[in-house]
Every structure is written in structure tokens, then in C-alpha cells.
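Enquirer: Structure, please.
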Amino acid sequence: MSKRKIPDISGFLKDATLMDDFFMTVFFQDRPECVKELLNAFLPFEVTITAMSTQYTIDNVNGRDVTLDIYAKYPDKDYDIEIQRRSDGAKPQRARFHSSMLDTKALGQKQKFTEINDSYVIFITEYDIFKLNKPIYHIERTIFEADKQFNDGSHIIYVNGAYKGTGNSKLEDIIHDFKCKDAAKMRNKILRSRFEELKVNPTEKEIDDMSDSIDLRFKALINEVRDEVLDEVRHQVRNEVRDEILDEVRHQVRDEVRNEVRDEVRDEVRDEVRHQVRDEVRDEVRNEVRDEILDEAYSKNSKEIAKSMLVSGIIPDEKIAEWCRLSVEQIRELRDSA
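Expert: From the prediction side, this is the model:
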């Protein structure tokens, strides 16, 4: 069976700090003395731990599991240390969730609630997320009306990795050391020794573990980028489809409105034309009727004149017809009727 080739991660190791997941996980694994250095710098009492692990998963049968960066315990205390480069990874809701998940495993069946372990959820953040320029922030439940602590044993702490102090306290040393790339510049002796060991002479297993962690991180980043791209594409396609549907609906509504307006305009024009034609026809009919009446009146007068001319008996019928604008037959009918 061929031996696995040792991956070359020297480029990653050179610039690695304790803020990097792949380095931090291997750095603290099976190193309780290093974890104690952190806890003793963050907490106001001397810490003792009986067990610890990195990337420790707490299962949640009814919901989301949680994986702790560093988990440590003492019979009556549970510690969770989270290293977060991104501010959104240290949201208050996440701290609350981690705290609640520690509680789920801190109390056995039939144990009294007063026997639950104290829990300490500690976030080491690369930036000052509260922007108060303090090295450390303690979050405790309080009785608001009484202005005193609730004392339920739940503690949440934020360590400001961006803090630059002037003193030489354990806390400031740890904050400083988390940003170091070079072991020679580290202040805490125990952390410096382990840092130099892992940077200069890592074991094959440590190299494999860091390489696996890097691979997992890259895959996670690829998935994050893929999800972001998919979200952007979905958003873009959604907008395109929305615009297409808007155009379709706009054309459909335009056609419907056009038909409605066409019917309205047709009715309006029909009424206008009806009135206009009525007026025109009224004028035409008036002229026609006027001509008919004039013709009737003229014809009646002409016949009366023709009758008086016939009485004389000396004017020929043809002349009477010519002068009165009547036909010879009409003159003869008038003579016969006289």
C-alpha cells in the first residue's frame, strides 16, 4: 500500500496566525496547556480543565448541530472558545445558540437544575465588533429592575482581537499573540513554544490535518461563492422574468385598453357624425322642401294666369303654355275643366 504523499502547505504556514482555522485547530489539539493559557487570560479565576478537544460537535436531534472550535471542561464548568475572523460569525444570536447547546449536554437525566454546569462561551474576534475599544466584553444576564446579576451560570465573553494596549497583562499578550505570524514576536512562552514547533517542525499527521482543513475550507468557500453566484443569477433571472411578464401584461392591458377606447371613440364619433349628418340632411331637406313648395306655388299661380288667358279666346294654347311655363297638355286640361 503506497504511503500518502505529504502535501506542501509551506506557503500557508508561513503567513498563518492563530486566527486561521486550519492552523488554530491543529495548534490546540491535544494541547490543554495552551487552552489553559487562553482561559486564564480571559477569566478572573485560575482554570483547571480535565478534558478538551478541537472541532467538537454537539448533536441536536431536534435541530441544528453545532461544532465548537475549542471545547474544554471541568466537572462543574464547560468552556467553548470560538475564533472568528468575520464579524457576522460572532452575532449575539450565535453566542446564545452555543450557550444553549452547552446546556443540553451539561445536565444528565434526573439531575437537579441547580446541578447544571456553569458555561463560558468565548468569542475571539479579529475586529472590535462593539466598537468601544475595550480588550474584552462580558455579557451577563441581569435583573433589569433590580440592577443586579441573574446568576444563572451562563457567561458570554467577547475578546477584541483588534485591541492594541500599552500594558503587559496576560489578556493583552494573548490578543497580541493571536495576530503574530512569527513565533519570535510572541509574548506568551507556552504559546510561543507550540507556535514555533508547528511552524518549523510539524509532524506528518499535523500537516495532513492542516491540509485537510485547508481543503475543507476551500470547498466551503467554493460552496459559498457558488451559493452567492446562484443567488445573483436567481435574482437576475427573476428580474428578467418579471420584466418579461410586465411587458406581456403591459401589451395585453394596452390591447384591452385600446379595444375599450376604440369602442368609446367609435360611439363618440358615431354620435358626432349622427349630429353632423342630421344637420346636413336637415339643410338639404329644407332646400328640397323649399323648392317643392316654391314649385307648387309657382305652378298654382301659373295655372290661374293660364285660365284667365284662355278666357280671352284669342291667345293660342302654345303661347299660353310658353308664357306660363306649362305644357300644352296642361293648358288643354285647364280649357276642358273650365
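Enquirer: ok, and for the host helix or strand of Q55, which residues are buried?
Expert: According to DSSP states H and E, Q55 maps onto strand 51-58. By neighbour count with 16 or more other C-beta atoms under 10 Å, strand 51-58 contains the buried residues M52, S53, T54, Y56. The C-beta positions use only the backbone N, C-alpha and C, and glycine is treated the same way.
Enquirer: Kindly format the C-alpha coordinates of stretch 114-125 as PDB.
Expert: Output of stretch 114-125 as PDB, limited to C-alpha atoms (Å, rounded to 0.1, in the frame of the first residue of the first chain):
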ATOM      1  CA  THR A 114     -29.100  23.600  40.200                       C
ATOM      2  CA  GLU A 115     -26.500  21.000  39.300                       C
ATOM      3  CA  ILE A 116     -26.100  22.300  35.700                       C
ATOM      4  CA  ASN A 117     -22.600  23.300  34.800                       C
ATOM      5  CA  ASP A 118     -21.500  26.900  34.500                       C
ATOM      6  CA  SER A 119     -20.900  27.700  30.800                       C
ATOM      7  CA  TYR A 120     -18.400  30.100  29.200                       C
ATOM      8  CA  VAL A 121     -18.800  30.900  25.600                       C
ATOM      9  CA  ILE A 122     -15.800  33.000  24.400                       C
ATOM     10  CA  PHE A 123     -15.500  34.600  21.000                       C
ATOM     11  CA  ILE A 124     -12.100  35.900  19.900                       C
ATOM     12  CA  THR A 125     -12.900  38.300  17.100                       C
END
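Enquirer: Strands along this protein, start to end?
Expert: 51-58, 66-74, 77-84, 118-125, 136-139, 142-143, 148-149, 154-160 (DSSP state E).
Enquirer: Ramachandran angles for K112?
Expert: Taking degrees, to the nearest 10, you get phi -70, psi 150 for the backbone angles of K112.
Enquirer: what separates it from R278, distance-wise?
Expert: 103 Å (C-beta to C-beta, to the nearest Å).
Enquirer: Likewise for L132?
Expert: 89 Å.
Enquirer: Could you measure from the spatially most central residue of the chain over to R242?
Expert: In the chain, the centroid-proximal residue (C-alpha atoms, centre = their mean) is H235; its distance is 8.3 Å. Applying C-beta to C-beta, the value for H235 to R242 is 10 Å.
Enquirer: Which helix in this structure has the most residues?
Expert: In the chain, with assignment by DSSP state H, the single longest helix is helix 204-312.
Enquirer: can you pull the pLDDT of the residue nearest to R141 when sequence neighbours are not counted?
Expert: Spatially, and ignoring its direct neighbours in sequence, R141 is nearest to F150 (3.9 Å; C-beta to C-beta, 6 or more residues apart in numbering). We have a pLDDT of 96 for F150.
Enquirer: how many other residues sit next to F150?
Expert: For F150, the tally of surrounding residues (other C-beta atoms under 10 Å) stands at 12.
Enquirer: Next up, phi/psi of it, please.
Expert: phi -80, psi -30.
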